[in-house]
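[1] take a look and give me a structure for this.
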Amino acid sequence: MAVPLAFFALFFAYPVAAIVGRGLREGGHWQLGGLTEVLSDPGTLHVLWFTVWQAAASTGLTLLIALPGAYVFARFDFPGKQLLRALVTVPFVLPTVVVGSAFLGLLGRGGVLDELWGVRLDTSVWAILLAHVFFNYAVVIRTVGGLWAQLDPRQEEAARVLGASRFEAWRRVTLPALAPALAAAALMVFLFTFTSFGVIQILGGPGYATLEVEIYRQTAGLLQLSTAAVLTLVQFAAVAVLLLLHAWSVRKREAALRLVDARQTARRPHGAGQWALLCSVLAVIAVLLLAPLGVLMERSLRTSDGSYGLTFYRALWSVDETGTFLVAPAEAIGNSLAYAAAATVIAVLVGGLAAAALTRRAGKLVRGFDALLMLPLGTSAVTVGFGFLIALDEPPLDLRSSWILVPLAQALVGVPFVVRTMLPVLRAVDVRLREAAAVLGASPLRAWREVDLPLVRRALLVAAGFAFAVSLGEFGATIFIARPDSPTLPVAVGRFLGRAGELNYGQAMALSTVLMLVCACSLLVLERLRTDRSGEF
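    Below you'll find the model as predicted:
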């Protein structure tokens, strides 16, 4: 536990505490009177209300739309299932700024709906809710569908034999078994939408601001660190409660059920009802998930005269005269790949050690450690990024001019995915194998190398792949710390979208398409490697 604790203390707790402390201190003294002033402000209350309301609405809508898909992926076997499973996960690992770009091309001015029917949904709450469903659909598929696939269908069949209707058997047998997974999925979706930033920035109008957006506005726009610090504390407290509830639901799911091999429960659809359900789920995936990605690609190729070509892609290789970038935007591709590779190494090292510690120890302290590892997913990335600039500016931790600063911030987001992917597999390793190796004279290191590593190698590769994909898409913290001469793909997309003009918009779509294709290829490789379908991600 020592290495993960040291990593989180130095590169998470210290920067966050530094930026919050600077906001709450004035003249060397704590100024806590501002807490009441900020929290009683009508503008703050409106932001809090909208943050909670849109997160709850997004969570409910995501569960409503994604649960039929979770059933289809869990119980049906059909051609292209593995490919489709990878494709529906692509939105989850895309940066939120790219998700916003995709929906802007679909729902915004000059978008597909605007061209066909004159309908615009950007700067409306519906665009935000649909984008959140797009982003979090895979959370429900993987969390709920992964468990559903391992529930023994004979239990529900026994209830049917005893006279229960199909719905009653599902309600009284399957639903209680799925409840912990449903709770975990709902909490994760609520967490991701509660801290939404890029989607709100691009698709929301002036009246729509979450806590994360308001923290960014107060920090970067108004330099009101005191207000931003109070909002950060509010967000931190809410996220801590959510993560404790999530840890409880995960432990309940792990301890309460007897599971079977997922490959034994999936069958080809039979009957008109099952085929209709499969077709309806495929239609929803095509319209809600694949259409925005298709529009993203189409807009990257379409010029103002209606023709198609590689104009915007070619423009990425030249430095524009507006000063948006100090280098050719295409260099962001190489920068992102290099940063993500370094972040993956850090995340696998830290997350692997943390998962091993969680596997071999128990108790309240370790459960608290488990929740700590998830905190970066819910803490304001804006606060973390600005905290890096504030805290890591003095020897021996003066890293402001170092390239490693970006991978460190990206690794913070990658570690939770490594832990959640590795933990179920490590817990499945029979401890008697290690004991037998020790009896035969193996040292702990050799026992790990010759017993654990062969059994968890695939899970380790999957964890590394997820860490790589999410590191590529990190935006909230990187926007503060990426150097002007070394932008990442998400930062480049955000800068292009922040400037008017067809060329800027087209290059944003082109870079978003490149990022989407890299993420899709990574996930396709992961699906071929993946053997355990019960992982949380």
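[2] look at residue 253 and report its pLDDT.
    Note for residue 253: predicted pLDDT of 53.
[3] same check, this time on residue 44
    At residue 44, the pLDDT value in this model is 81.
[4] excluding chain neighbours, what is closest to it?
    Setting aside the residues directly before and after it, residue 44 is nearest to residue 38 in space (CB to CB, 6 or more residues apart in numbering), at 5.6 Å. Where you see a C-beta, it was placed from the backbone N, CA and C, and this is true even at glycine.
[5] from what I can see that neighbour touches residue 230, true?
    Yes - using CB atoms under 8 Å, residue 38 is in contact with residue 230, at 4.2 Å.
[6] those two: who's more crowded?
    residue 230 (25 against 20; other CB atoms under 10 Å).
[7] mind checking which helix or strand the more buried one is in?
    helix 225-256 (DSSP states H and E).
[8] in the next helix-or-strand element following that helix, what counts as buried?
    For helix 225-256, the succeeding helix or strand toward the C-terminus, using DSSP H and E, is helix 272-284. Using 16 or more other CB atoms under 10 Å as the test for burial, helix 272-284 gives 277-278, 281-282, 284.
[9] using TSV, lay out the residues you listed together with distance to residue 58 and pLDDT.
    Output for those, formatted as TSV (distance: CB to CB, whole Å; pLDDT from 0 to 100):
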residue	distance to residue 58	pLDDT
277	24	90
278	26	91
281	20	91
282	23	92
284	16	91
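[10] residue 403: how many residues sit nearby?
    13.
[11] quick one: it from residue 483, how far?
    Distance of residue 403 to residue 483, given as CB to CB, to the nearest Å: 8 Å.
[12] residue 471 too?
    Residue 471 is 17 Å from residue 483, where distance means CB to CB.
[13] ok, now residue 387?
    17 Å.
[14] which of these two has more residues huddled nearby?
    residue 387 (29 against 15).
[15] pretty sure the more buried one contacts residue 19?
    Yes - here residue 387 lies in contact with residue 19, judged by CB under 8 Å, at a distance of 3.9 Å.
[16] just the strands in this structure please.
    25-26, 29-30 (DSSP state E).
[17] lowest-confidence stretch among those strands?
    Ranked by mean pLDDT, the strands of the chain bottom out at strand 29-30, with a mean of 61.
[18] excluding chain neighbours, what is closest to residue 514?
    residue 333 (6.1 Å).
[19] since we're on the one you found, how many residues are nearby?
    Neighbours around residue 333, by other CB under 10 Å: 17.
[20] can you list the weak-confidence ranges in the stretch 101-250 of the chain?
    Counting by pLDDT under 70, the ranges of the stretch 101-250 of the chain that qualify are 205-206, 246-247, 249-250.
[21] any chance you could map the helices in it?
    Along the stretch 101-250 of the chain, the segments classed as helices by DSSP state H, counting those that start in this stretch run 112-117, 125-148, 153-161, 166-169, 175-194, 198-203, 211-216, 225-256.
[22] can I get the ones you listed in a markdown table with distance to residue 9?
    As requested, the helices of the stretch 101-250 of the chain are exported to a markdown table (distance: least, CB to CB, whole Å):
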| stretch | distance to residue 9 |
| --- | --- |
| helix 112-117 | 48 |
| helix 125-148 | 29 |
| helix 153-161 | 46 |
| helix 166-169 | 50 |
| helix 175-194 | 22 |
| helix 198-203 | 28 |
| helix 211-216 | 22 |
| helix 225-256 | 16 |
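[23] please name whichever of these is nearest to residue 294.
    helix 112-117 (9.5 Å; CB to CB).
[24] quick one: contacts of that closest one?
    105-108, 119-121, 295 (CB atoms under 8 Å, 6 or more residues apart in numbering).
[25] just the buried subset of those residues, please.
    Burial by neighbour count, judged by 16+ other CB under 10 Å, picks out 105-108, 121, 295 from the contacts of helix 112-117.
[26] now for the residues you listed: which two are most distant?
    121 and 295 (13.3 Å).
[27] domain assignment for the chain?
    Listed domain ranges for the chain are 1-23+311-537, 41-297 (source: automatic domain parsing).
[28] picking up where we left off before, what residues are up against the residue nearest to residue 514?
    Residue 333 makes contacts with 489, 511, 514, as judged by CB under 8 Å, 6+ apart.
[29] quick one: contacts for residue 351?
    Taking CB under 8 Å, 6+ apart as the contact definition, residue 351 lies against 4, 373, 414-419, 422, 463, 467.
[30] try it again at 10 Å.
    4, 7, 373, 411, 414-423, 460, 463-464, 466-467 (CB atoms under 10 Å, 6 or more residues apart in numbering).
[31] tell me which of those residues fall in helices.
    Assignment to helices by DSSP state H places the following of the contacts of residue 351 there: 4, 7, 373, 411, 414-423, 460, 463-464, 466-467.
[32] shared neighbours of residue 121 and residue 295, which are they?
    Common neighbours of residue 121 and residue 295 (CB under 10 Å, 6+ apart) are 103, 106-107, 111, 113.
[33] quick revisit: list only buried entries from the contacts of residue 351.
    4, 7, 373, 411, 414-423, 460, 463-464, 466-467.
[34] flag the shaky bits of the stretch 301-450 of the chain, pLDDT-wise.
    Residues of the stretch 301-450 of the chain that meet the cut-off, pLDDT under 70, sit at 320-325, 361-367.
[35] how about the helices in it?
    Assigned by DSSP H, counting those that start in this stretch, the stretch 301-450 of the chain shows helices spanning 311-315, 331-360, 364-378, 381-391, 405-428, 431-439, 444-447.
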